[in-house]
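Novice: make a model of this:
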Amino acid sequence: MRRLDHYWYSINPIALLLLPLAGLFCLLAMLRRQAYRQGWWRSVRMPVPVIVVGNITAGGSGKTPLVIWLAEWLQANGWRPGIVSRGYGGLAAHWPQPVRADSDPRLVGDEPVLTVQRTACPMMVGPDRVAAARALLQEHDCNIIISDDGMQHYCLQRDIEIAVLDGSRRLGNGFCLPAGPLREPASRLAEVDLRVANGVAKECEQQMLLQPQVVQRLHDGDSQSLEFFRGQTVHAVAGIGNPARFFQLLREHGIEVIEHAFPDHYRYSVADLQFADDLPVLMTEKDGVKCRVFADDRCWAVTVTAQLANKFGQQLLTLLAR
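Specialist: The predicted structure is shown next:
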């Protein structure tokens with residue numbers, strides 16, 4: 001799939017060759033959704049409201065920063081949120097697994113550890129979102145659940161769906177997997193409650209901007225602003241769905257970038273961060289979670305915070321009131 005990613009954002013011979021498979025994928029996705037809607041396959045409702053944050057494209061679009069924003073916003077408005085997630089990449093021997101700020105990302109996944117570190121919310125991860133949600137409610141006094149990246153996990157019923165789109169890459173060539181990046185047909189977006197665009201937003205979408213906050217040295221926790229690196233040359237490390245977004249962020253702040261793009265959820269080793277010079281190494285916050293245990297004093301993690309208009313929060317309040 002990583003090799004196909006290059007072909008997902010244009011109309012090209014490879015994508016056209018894969019169109020029959022894409023048509024079959026779309027058909028199966030629609031039939032699966034219909035099976036849940038008609039009650040042929042069982043879905044489970046939780047005793048508290050469930051907000052699902054997801055997308056219809058493969059690869060990163062900015063879901064985790066939005067989940068963090070939602071958790072903090074709900075806390076500020078008197079809710080007691082808990083979070084469930086797949087725990088993608090985690091190697092735990094059994095599921096569901098609770099996530100703490102000091103959990104090993106190799107066991108529970110990198111994004112869950114980052115989310116708990118930022119929000120202090122109770123969180124449970126596992127392939128079965130229903131089991132994770134039940135365990136979360138059994139162990140914690142939560143009155144609302146946020147499901148991170150659960151758009152296609154229909155066995156967990158949801159009260160509110162929020163779709164996140166990459167504002168620049170959008171829906172790619174518009175084809176379903178494997179000819180394009182779509183997990184479901186584009187028409188699926190018409191059924192969600194809210195659409196959030198990470199970057200440039202179109203009509204009926206709420207804009208989310210990722211603003212850098214501090215840059216934290218992994219070795220000792222020392223902090224600097226991103227402006228501290230203006231005019232410097234750095235090694236930029238990104239193992240996320242769209243590394244180019246991170247590289248562009250650094251360039252917008254006047255930083256000369258030597259790019260090192262890795263696959264999403266990549267498992268780093270010491271050798272991955274060994275460069276033949278003493279230049280600073282700037283990485284995403286998600287990468288920093290995994291690299292902290294072996295990082296030296298050249299390694300820094302860039303913290304970003306999602307910013308959304310007050311209108312988005314008010315729309316969410318209205319939906320919750322229903």
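Novice: where does pLDDT dip in the stretch 1-150 of the chain?
Specialist: By pLDDT under 70, the low-scoring segments of the stretch 1-150 of the chain are 1-4.
Novice: ok, which stretches of it are helices?
Specialist: 13-17, 19-37, 63-76, 105-108, 110-119, 129-139 (DSSP state H, counting those that start in this stretch).
Novice: okay, and the nearest residue to S269 once chain neighbours are set aside sits in which element?
Specialist: In space, and not counting its chain neighbours, S269 is closest to F294: 7.9 Å by CB to CB, 6 or more residues apart in numbering. Where C-beta positions appear, they are placed from N, C-alpha and C, glycine not excepted. Counting by DSSP states H and E, no helix or strand carries F294.
Novice: thinking again about what came up before, and the helices of the stretch 1-150 of the chain, which is most packed in?
Specialist: Compared across the helices of the stretch 1-150 of the chain, helix 110-119 shows the largest average neighbour count, a mean of 25 (mean count of other CB atoms under 10 Å).
Novice: where's the residue lying closest to H253 once chain neighbours are set aside relative to L91, distance?
Specialist: Nearest non-adjacent residue to H253, counting by CB to CB, 6+ apart: L226, 4.9 Å away. Relative to L91, L226 is positioned 33 Å away (CB to CB, to the nearest Å).
Novice: who has more neighbours out of the two?
Specialist: The neighbour comparison of L226 against L91 (other CB atoms under 10 Å) goes to L226, with 22 against 12.
Novice: picking up where we left off before, state the number of residues packed around the residue nearest to S269.
Specialist: Residues near F294, counting by other CB under 10 Å, number 14.
Novice: on that earlier part again, who wins for proximity to R322 among the helices of the stretch 1-150 of the chain?
Specialist: Relative to R322, the nearest member of those by CB to CB is helix 63-76, separated by 15.9 Å.
Novice: that closest one vs helix 110-119, what angle?
Specialist: Helix 63-76 runs at 30 degrees relative to helix 110-119, counting by axes from the mean of the first three to the mean of the last three CA atoms, to 10 degrees.
Novice: what's next to helix 63-76, contact-wise?
Specialist: The set of residues external to helix 63-76 that reach it, using CB atoms under 8 Å, 6 or more residues apart in numbering, is 51, 53-55, 81, 83, 111, 114-115, 118-119, 121, 144, 146, 148-149, 162, 164, 196, 198, 208, 210, 286, 304-306, 308, 313, 316.
Novice: give me the subset of those that lies in strands.
Specialist: 51, 53-54, 81, 83, 144, 146, 148, 162, 164, 196, 198, 208, 210, 304-306, 308 (DSSP state E).
Novice: just the buried members of these?
Specialist: Neighbour-count burial (16 or more other CB atoms under 10 Å) applied to the ones in strands among the contacts of helix 63-76 gives 51, 53-54, 81, 83, 144, 146, 148, 162, 164, 196, 198, 208, 210, 304, 306, 308.
Novice: quick one: contacts of stretch 17-24?
Specialist: Applying CB under 8 Å, 6+ apart, the contact partners of stretch 17-24 are 4, 175-180.
Novice: run the chain-centre distance for it.
Specialist: Relative to the chain's own centre, stretch 17-24 is displaced by 27 Å; criterion: CA atoms, centre = their mean, to the nearest Å.
Novice: mind listing what V302 touches?
Specialist: Going by CB under 8 Å, 6+ apart, V302 touches 212, 215, 226, 246, 249-250, 282-285.
Novice: the residue nearest to H253 touches V215, doesn't it?
Specialist: Yes: using CB atoms under 8 Å, L226 is in contact with V215, at 5.6 Å.
Novice: quick one, what contacts the residue nearest to H253?
Specialist: By CB under 8 Å, 6+ apart, the contact list for L226 reads 212, 215, 250, 253, 255, 302.
Novice: redo that, cut-off 10 Å
Specialist: Listed by CB atoms under 10 Å, 6 or more residues apart in numbering, the contact set of L226 reads 211-215, 249-250, 252-255, 282, 300, 302-304.
Novice: tell me the predicted confidence for it.
Specialist: Per-residue pLDDT puts L226 at 94.
Novice: next, it: phi, psi?
Specialist: phi -60, psi -30 (degrees, to the nearest 10).
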